[in-house]
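**Student:** Dropping a prediction and its sequence here:
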Amino acid sequence: MARRALMTSRHPVRWFGVAFILLWSLIPLYWVVNVSFQTDAEVGSKPAHYLPPHPTLANYKALLSGAGDIPDQVRQGTFNIVVECTVSTVITVVVATLAAYAFARMTFRGRDLLFYGVLATMALPAYATLIPLYRLMSTAGLVNTYTGIILVYVSGFLPLATWIMHNYMVSLPVALEEAASVDGASRMQVLTRIVLPLAMPGVVSTAIITFLFAWGQFLFPLVLSSDISTQPLTVVITALQGRHEVPYALLSAAGVLAITVPAAIAVALNRYVVNGLLAGSVK
Amino acid sequence: MTAGAVAARRRRPDLLPYLLVAPLALVIVGLAVVPAVYSLVQAFFRVQPLDPPTRFNGFDNFRSLAHNSAVLGSLGNTIAYTVIGMALTTVLGIGMALALQQRFRGRSIVIAVLILPWALPGVVEGIVWSGIWDANVGLFNSALTSFHLVDQYQVFLGSNRWLTILLIEIVQVWQITPLSALLVLAALQNIPDELYEASALDGCSAWSRFVRITLPLARPGIAVAMVQALILTLNVFDQPYVLNGAAETGASLTMQTYFISFQNLDFGAGYALSLLITLATLLLSWVVVRLVYRKVEF
């Protein structure tokens, strides 16, 4: 009785909380989309138009197919961010999965030292190594290259990815793997045929979280990319925002382009995002 | 396995685990451990690429920071960002988690919407929110005017230091609260229903249930949430950089590290400041864990 009453209570405070979550998350996003569908003259109106009076795709057309300096940079920045995020995600997930398998299922000398050493680097703030990494990349001639940015991303995201994959693999039952190895499967076969298929949800979570982190980067690529050939969209848009002649409606459309991919991933695959975040944080 | 095979195994060390962890070890040692140690050492050196030579200079870098008024101003700003950010993130995170504690139809959709701001790039969120705080085209000004709360549009960012910091930090709170809410929610879901049932039978009010059961038992989740909020707010960069530029009304310590290193090209002082921020982050994280974390077993 008490349980039913408790679990189905339609507490007005609770619904106020749910309404707050929805409004808090969505109003700013609604606003940038709203502005991106207006002309620059409409954006200047006081008070503002809460709906686009004459919805237009002109800003998006200008960015995606228009000619000129700004659209070129936005398109190049979009290409760069996709390349940098995709490649660093693939490398991070592969390296983390191999290492996590060894940490979770094998005993070897130095295992704990290495495992906890890798995890300990997560306690350092991300920017602690900004200057030395810049100077290292500069010495190695990797400033303003995809390789430099991708290496830095991989080194930054590997500890968390290894931790999530390790926690996932430890939670899998060992019995199947033992049965396979009794049947004569090698350890790499056990990994590829048994462990990986079972660990697939963990792999997906790790990949999504790594990709989202990479997509959000700003200061590292700001320092490591000196020009548009490797600057990701985040750096390009921020530079546009600093140039005051760029119209706000156009800037908003560029902002919407930059959030479309991560927003779609977060909404469509939210279960994996939530599981990955919790696997990576709690323990 | 025969005795001979076992003996053969003993003689030949098992290389496979080392091969599997080698790429990870290489990347972490080369691109995290070595740079961190290098940075620690260089903080005590004079490093100015445009004005060599590089030489040991003891605590000179730290002394120059202590006399740098921009750094001192940013120290105050960063303390304000951290205090405001941790307070808002913790309160909002617990509130949002409570709203989601019980299952209801559509809860997974609400959770998907909740994590949306976490998934987006901080600098783009800065641009999104500049559309809200802006002095000429901002939603906030427009709403205040529509409700006749102000006669004309106001300049919010950059005029008053503490207001500027509050408004910028709200943008960061928007980004990092979803993770706090999720962490607290996960802790709430471990609390057995029986405890709530028993308290309902005993006639506890909702408030005393919250204070006596929910809050103490959610402490592990709240502690992790507060540590992540601490690390992110103490190292805030994207939001003040986009919304307020280099202006002293809002520049953070991490921004000063960037300006000192990459605009003044005084790498030594940059290393020193980044070392201090790192030490402060580690020390304060430890304090938060000591104060808030309690092991909870059911």
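**Tutor:** It's in. Numbers count the residues shown, from 1 in each chain, chains lettered A, B, ... in the order given.
**Student:** does the helix or strand hosting A:D72 come close to chain B?
**Tutor:** Assessed by DSSP states H and E, A:D72 sits inside helix A:69-105. Yes: judged by C-beta under 8 Å from any C-beta of the partner chain, helix A:69-105 comes into contact with chain B through A:V95, A:A96, A:L98, A:A99, A:Y101, A:A102, A:F103. For glycine as for every other residue, the C-beta is placed from the backbone atoms N, C-alpha and C.
**Student:** Am I right that the third one is in contact with B:L20?
**Tutor:** Translated: A:L98. Yes: if you go by C-beta atoms under 8 Å, A:L98 and B:L20 touch, sitting 4.5 Å apart.
**Student:** Provide a list of residues in contact with the residue of the stretch 1-150 of chain B found nearest chain A.
**Tutor:** Nearest residue of the stretch 1-150 of chain B to chain A: B:A99, at 2.6 Å (C-beta to the nearest C-beta). B:A99 makes contact with A:R14, A:F16, A:G17, A:V18, A:F20, A:I21, according to C-beta atoms under 8 Å, 6 or more residues apart in numbering or on different chains.
**Student:** Please name whichever of the residues you listed scores lowest on pLDDT.
**Tutor:** Among these, A:R14 has the lowest pLDDT, at 84.
**Student:** Can you pull the phi/psi pair for that one?
**Tutor:** Main-chain torsions, A:R14, degrees, to the nearest 10: phi -60, psi -40.
**Student:** what's near enough to touch it?
**Tutor:** B:L98, B:A99, B:Q102.
**Student:** Look up how far B:S64 lies from it.
**Tutor:** Using C-beta to C-beta, to the nearest Å, one gets 54 Å for the distance from A:R14 to B:S64.
**Student:** related to what we said a few turns ago, buried residues of the strand or helix carrying the residue of the stretch 1-150 of chain B closest to chain A, list them for me.
**Tutor:** Per DSSP H and E: B:A99 is located in helix B:69-100. Buried residues in helix B:69-100, counting neighbours by 16 or more other C-beta atoms under 10 Å in any protein chain shown, are found at B:71, B:73-75, B:77-78, B:80-82, B:84-86, B:88-90, B:92-100.
**Student:** before we move on, the earlier item: of the contacts of B:A99, closest to chain B?
**Tutor:** A:G17 (2.6 Å).
**Student:** avg pLDDT for the helix holding B:A99?
**Tutor:** pLDDT averaged over helix B:69-100 gives 96.
**Student:** Would you mind putting the CA coordinates of the helix or strand just after that helix into PDB?
**Tutor:** The C-terminal neighbour of helix B:69-100 among helices and strands, as given by DSSP H and E, is helix B:107-119. In PDB, the C-alpha atoms belonging to helix B:107-119 read as follows (Å, rounded to 0.1, in the frame of the first residue of the first chain):
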ATOM      1  CA  ARG B 107      11.500   9.600 -17.900                       C
ATOM      2  CA  SER B 108      14.100   8.400 -20.400                       C
ATOM      3  CA  ILE B 109      13.200  11.200 -22.700                       C
ATOM      4  CA  VAL B 110      13.600  13.700 -19.900                       C
ATOM      5  CA  ILE B 111      17.000  12.200 -19.100                       C
ATOM      6  CA  ALA B 112      18.000  12.500 -22.800                       C
ATOM      7  CA  VAL B 113      17.000  16.200 -22.700                       C
ATOM      8  CA  LEU B 114      18.800  16.600 -19.400                       C
ATOM      9  CA  ILE B 115      22.200  15.400 -20.800                       C
ATOM     10  CA  LEU B 116      22.000  17.500 -23.900                       C
ATOM     11  CA  PRO B 117      23.900  20.600 -22.600                       C
ATOM     12  CA  TRP B 118      26.600  18.300 -21.200                       C
ATOM     13  CA  ALA B 119      27.300  16.900 -24.700                       C
END
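**Student:** From the chain's centroid, how far away is helix B:107-119?
**Tutor:** With C-alpha atoms, centre = their mean, to the nearest Å as the basis, helix B:107-119 stands 19 Å off its chain's centre.
**Student:** repeat for stretch A:123-134
**Tutor:** 19 Å.
**Student:** Would you agree A:I150 is in contact with A:T86?
**Tutor:** No: the pair A:I150 / A:T86 is not scored as a contact, 9.6 Å apart, by C-beta under 8 Å.
**Student:** Tell me which of the two has more neighbours.
**Tutor:** A:I150 (23 against 14; other C-beta atoms under 10 Å in any protein chain shown).
**Student:** and the more buried one, what does it touch?
**Tutor:** A:E84, A:V87, A:S88, A:I91.
**Student:** got the buried residues for the strand or helix carrying it?
**Tutor:** Using DSSP H and E, A:I150 sits within helix A:146-170. Residues of helix A:146-170 classed as buried: A:146, A:148-169 (neighbour count, 16+ other C-beta under 10 Å).
**Student:** Report the mean per-residue pLDDT for whatever helix or strand comes next after it.
**Tutor:** In the C-terminal direction, the helix or strand that comes right after helix A:146-170 (DSSP H and E) is helix A:175-182. The average pLDDT for helix A:175-182 rounds to 91.
**Student:** Helix A:175-182 close to chain B?
**Tutor:** No: against chain B, helix A:175-182 shows no contacts by C-beta under 8 Å from any C-beta, the least distance being 11.1 Å.
**Student:** does chain B sit close to the helix or strand just after that helix?
**Tutor:** The helix or strand immediately downstream of helix A:175-182 is helix A:187-189, counting by DSSP H and E. Yes: under the criterion of C-beta under 8 Å from any C-beta, chain B is reached by helix A:187-189 at A:R187, A:M188.
**Student:** What are the contacting residues of the helix or strand just after helix A:187-189?
**Tutor:** Using DSSP H and E, the next helix or strand after helix A:187-189 towards the C-terminus is helix A:196-215. Contacts of helix A:196-215 with the rest of the structure, by C-beta under 8 Å, 6+ apart, involve A:81, A:84-86, A:88-89, A:92-93, A:96-97, A:153, A:156-157, A:160-161, A:164-165, A:167-169, A:172, A:176, A:234, A:261-262, A:265-266, A:269, A:272-273, A:275-277, A:279-280, B:119, B:121.
**Student:** how about 6 Å then?
**Tutor:** A:85, A:88-89, A:92-93, A:153, A:157, A:161, A:164-165, A:168-169, A:172, A:262, A:269, A:272-273, A:275-276, B:119 (C-beta atoms under 6 Å, 6 or more residues apart in numbering or on different chains).
**Student:** Quick check: buried residues in it?
**Tutor:** A:199, A:202-215.
**Student:** Show me the shaky parts of the stretch 51-200 of chain A.
**Tutor:** Applying pLDDT under 70 to the stretch 51-200 of chain A flags no residue at all.
**Student:** Would you check how far apart the residue nearest the centre of chain A and B:L31 are?
**Tutor:** The residue lying closest to the centre of chain A (C-alpha atoms, centre = their mean) is A:L212, at 0.7 Å. Note on A:L212: its distance to B:L31, by C-beta to C-beta, is 21 Å.
**Student:** For B:A32, which non-adjacent residue is closest in space?
**Tutor:** Nearest non-adjacent residue to B:A32, counting by C-beta to C-beta, 6 or more residues apart in numbering or on different chains: A:T121, 4.6 Å away.
**Student:** Assess the claim that the one you found and A:L158 are in contact.
**Tutor:** No: using C-beta atoms under 6 Å, A:T121 is not in contact with A:L158, being 8.8 Å away.
**Student:** Alright, that wraps it up for me.
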